[in-house]
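Novice: Coordinates for the following, if possible.
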Amino acid sequence: MGVSLYTALVIQANGAEVGVYGPNSENKYCFELFSIIREHYRGHATSDFFASSAEEARNTGQKYLEAILAMDLDEKRRKISESLGPYAEAVQQVADASKFRE
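Specialist: A predicted model of the protein is given here:
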C-alpha cells in the first residue's frame, strides 16, 4: 500500500489516527489512516484485509503512520512552493489556515 505525496503532506500537517475494521468473511482485519480536520472526517489510506487480529492490524497501521510522519518532505515542500511563483504566499496562507489545531 502506498500513499501519494499529497496524502503524506496532509498527514504531516494535520496528524492522523489509525482505525481498524473487521473481521471480514475470511476473519481478517484491515487498518485505515484518517484525520478529523475542522470537524470533518478525512480518510487518507486503507489497507486490504490482511491481519489475523485487530491488534496486528492496529500495530501495522501505527508503523505505517510513523513512517509517513518521519519522512523528510522539506525539499518537496520547497519545490512545490517555488513552482507556485507569485501565488506561493496566498497558497501558504490557505494551507496554514487549514491545519488542524487542537
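
Novice: most remote residue from the chain's center?
Specialist: Outermost residue of the chain with respect to the C-alpha centroid, by Cα atoms, centre = their mean, is residue 86; its distance is 28.3 Å.

Novice: What residues of the biggest helix by length in the chain count as buried?
Specialist: In terms of residue count, the longest helix belonging to the chain (DSSP state H) is helix 54-70. Neighbour counts using 16 or more other Cβ atoms under 10 Å place 57, 58, 60, 61, 64, 65, 68 of helix 54-70 among the buried residues. C-beta: built from backbone N, CA, C; applies to glycine.

Novice: Would you state the strands of the protein in chain order?
Specialist: 17-21, 30-37, 40-46 (DSSP state E).

Novice: The longest one pairs with which strands, and in what direction?
Specialist: Read it as strand 30-37. strand 17-21 (antiparallel), strand 40-46 (antiparallel) (DSSP bridges).

Novice: any weak-confidence spans in the chain?
Specialist: 95-102 (pLDDT under 70).

Novice: picking up where we left off before, check which helices and strands the longest helix of the chain is in contact with.
Specialist: Contacts defined by 3 or more Cβ pairs under 8 Å, 6 or more residues apart in numbering; DSSP states H and E place helix 54-70 against helix 5-14, strand 17-21, strand 30-37.

Novice: that older thread, right, and the strands paired with strand 30-37 - which one's nearest residue 1?
Specialist: For the strands paired with strand 30-37, the distance to residue 1 is smallest for strand 40-46, at 6.3 Å, taking Cβ to Cβ.

Novice: now what about that closest one, what contacts it?
Specialist: 1, 3, 7, 10-11, 14, 16, 30-36, 64 (Cβ atoms under 8 Å, 6 or more residues apart in numbering).

Novice: quick one on the thing from earlier: how about the CA coordinates for the longest helix of the chain, as PDB?
Specialist: Written as PDB, here are the backbone C-alpha positions of helix 54-70 (Å, rounded to 0.1, in the frame of the first residue of the first chain):
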ATOM      1  CA  ALA A  54      -7.300  -6.300  15.300                       C
ATOM      2  CA  GLU A  55      -4.100  -5.800  17.300                       C
ATOM      3  CA  GLU A  56      -1.900  -6.800  14.400                       C
ATOM      4  CA  ALA A  57      -3.800  -4.500  12.000                       C
ATOM      5  CA  ARG A  58      -3.500  -1.600  14.500                       C
ATOM      6  CA  ASN A  59       0.200  -2.200  15.100                       C
ATOM      7  CA  THR A  60       0.900  -2.300  11.300                       C
ATOM      8  CA  GLY A  61      -1.100   0.800  10.800                       C
ATOM      9  CA  GLN A  62       0.700   2.600  13.500                       C
ATOM     10  CA  LYS A  63       4.100   1.700  12.000                       C
ATOM     11  CA  TYR A  64       2.900   2.900   8.600                       C
ATOM     12  CA  LEU A  65       1.700   6.200  10.100                       C
ATOM     13  CA  GLU A  66       5.000   6.600  12.000                       C
ATOM     14  CA  ALA A  67       6.900   6.000   8.700                       C
ATOM     15  CA  ILE A  68       4.900   8.700   7.000                       C
ATOM     16  CA  LEU A  69       5.400  11.200   9.800                       C
ATOM     17  CA  ALA A  70       9.200  10.500   9.800                       C
END
